[in-house]
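J.: can't give you the sequence, but here's the structure:
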């Protein structure tokens, strides 16, 4: 029987105050991006992946479930939203809801299949299901195979917000990210989140206390997959395409990398990790395929020297909750 760690205990007022201060600073910095001269497309892309990484962190960081197929939720939502926007000519808000609904349905099915297994068996099942979907989307007529769905119209959200304007689109993506982030924050600090942490630390003890752990893990899987789908639906408006890249196993690997580099089981770690990885892809693109080697080297260094991740080490050093 292993002892419960500090983050399984109810949050103290000081910890909540620290996290709210950091959140406010993060929100202000992100809100000022259009006035800073930073390339907005890079930040919007990073925000989408940050939300995906936060959703993944909900599953592995607080539920202890390692999924190697989380890209399937992002890719499925992207394809469904893109199809709804381009073929059905739905407005942006309904296109996003279609993508979220598709990710929700997929998470129900895949969660029902995989959640009864534990450890590496659970991870391998999610990887197999993700690859199965990859080959389905490769052959499905509505995805247009390797070409993907191109030229997706951005439209007017709620009939007012013109998403073809970069500044308007940026703030819509930012609001979506902040809303998803706050929802995840509320989940991990709710009684449900506390039970998840106890299951992660010692599942037999949680079972002995009367908790139906499979149901809690299944709900965490569905919530994580649905929020990952929300990130995929937002990404469609940024990239204006939906492709097989978002469903491939390598995308799931990148999400794992983002979470581990930033800090597994921390609130802000996945955000930092996502920005770090996307920044490397953006600014080291001139190195070609060597970008992957550089990312792998950084990952090895982080695992060896920053075992808690960047944010985890900072929080541990200053004895703060981040």
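T.: That came through, no problem. As the structure is a computational prediction, the values presented were derived from the model and not from experiment.

J.: wait, residue 40 sits on residue 167?
T.: Yes: counting by CB atoms under 8 Å, a contact exists between residue 40 and residue 167, whose distance comes to 7.4 Å. For every residue, glycine as well, the C-beta is placed using N, CA and C.

J.: list the residues that contact both of these two?
T.: When contacts are counted by CB atoms under 8 Å, 6 or more residues apart in numbering, residue 40 and residue 167 have residue 34 as shared neighbours.

J.: which residues in the chain form strands?
T.: Secondary structure of the chain, counting by DSSP state E: strands at 156-157, 161-162.

J.: need the winner for burial among the ones you listed.
T.: Ranked by mean neighbour count, the strands of the chain are led by strand 156-157 with a mean of 17 (mean count of other CB atoms under 10 Å).

J.: which one of residue 40 and residue 167 is surrounded by more residues?
T.: For the pair residue 40 and residue 167, the greater number of neighbours falls to residue 40 (18 against 12), based on other CB atoms under 10 Å.

J.: list the contacts for residue 273?
T.: For residue 273, the contact set (CB under 8 Å, 6+ apart) comprises 53, 257-263, 309-310.

J.: hmm, back to that, redo the strands of the chain as JSON lines? Include mean pLDDT.
T.: JSON lines is the format used below for these (pLDDT from 0 to 100):
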{"stretch": "strand 156-157", "mean pLDDT": "92"}
{"stretch": "strand 161-162", "mean pLDDT": "92"}
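
J.: circling back: just the contacts of residue 273: which are in helices?
T.: Those of the contacts of residue 273 mapping onto helices are 53, 257-262, 309-310, per DSSP state H.

J.: most surrounded residue in the residues you listed?
T.: Ranked by the number of neighbours (other CB under 10 Å), the ones in helices among the contacts of residue 273 place residue 53 first, at 32 neighbours.

J.: all helices for the chain, in order.
T.: Under DSSP H, the chain gives helices at 13-31, 40-63, 71-86, 92-114, 119-139, 166-188, 191-201, 203-208, 213-239, 249-262, 269-283, 290-305, 309-318.

J.: for the closest residue to residue 217 other than its chain neighbours, give its distance to residue 248.
T.: Ranked by CB to CB, 6 or more residues apart in numbering and with sequence neighbours excluded, the top spatial neighbour of residue 217 is residue 115, at 5.4 Å. When distance is defined by CB to CB, to the nearest Å, residue 115 is 23 Å away from residue 248.

J.: tell me the residue furthest from the middle of the protein?
T.: Here the chain reaches farthest from its C-alpha mean at residue 208, the gap being 31.8 Å by CA atoms, centre = their mean.

J.: need the pLDDT of that one.
T.: pLDDT for residue 208: 91.

J.: residue 217 too?
T.: Residue-level confidence at residue 217 comes out at 94, pLDDT.

J.: so it makes contact with residue 62?
T.: No: taking contact to mean CB under 8 Å, the distance of 10.7 Å between residue 217 and residue 62 leaves them out of contact.

J.: which neighbours do those two share?
T.: Taking CB under 8 Å, 6+ apart as the contact rule, residue 217 and residue 62 both touch residue 196.

J.: just to revisit the earlier point, kindly reformat the contacts of residue 273 as JSON lines containing distance to residue 320 and pLDDT.
T.: Rendered in JSON lines, the data for these read as follows (distance: CB to CB, whole Å; pLDDT from 0 to 100):
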{"residue": "53", "distance to residue 320": "21", "pLDDT": "95"}
{"residue": "257", "distance to residue 320": "25", "pLDDT": "89"}
{"residue": "258", "distance to residue 320": "22", "pLDDT": "91"}
{"residue": "259", "distance to residue 320": "20", "pLDDT": "92"}
{"residue": "260", "distance to residue 320": "20", "pLDDT": "89"}
{"residue": "261", "distance to residue 320": "19", "pLDDT": "89"}
{"residue": "262", "distance to residue 320": "16", "pLDDT": "89"}
{"residue": "263", "distance to residue 320": "12", "pLDDT": "88"}
{"residue": "309", "distance to residue 320": "14", "pLDDT": "83"}
{"residue": "310", "distance to residue 320": "14", "pLDDT": "84"}
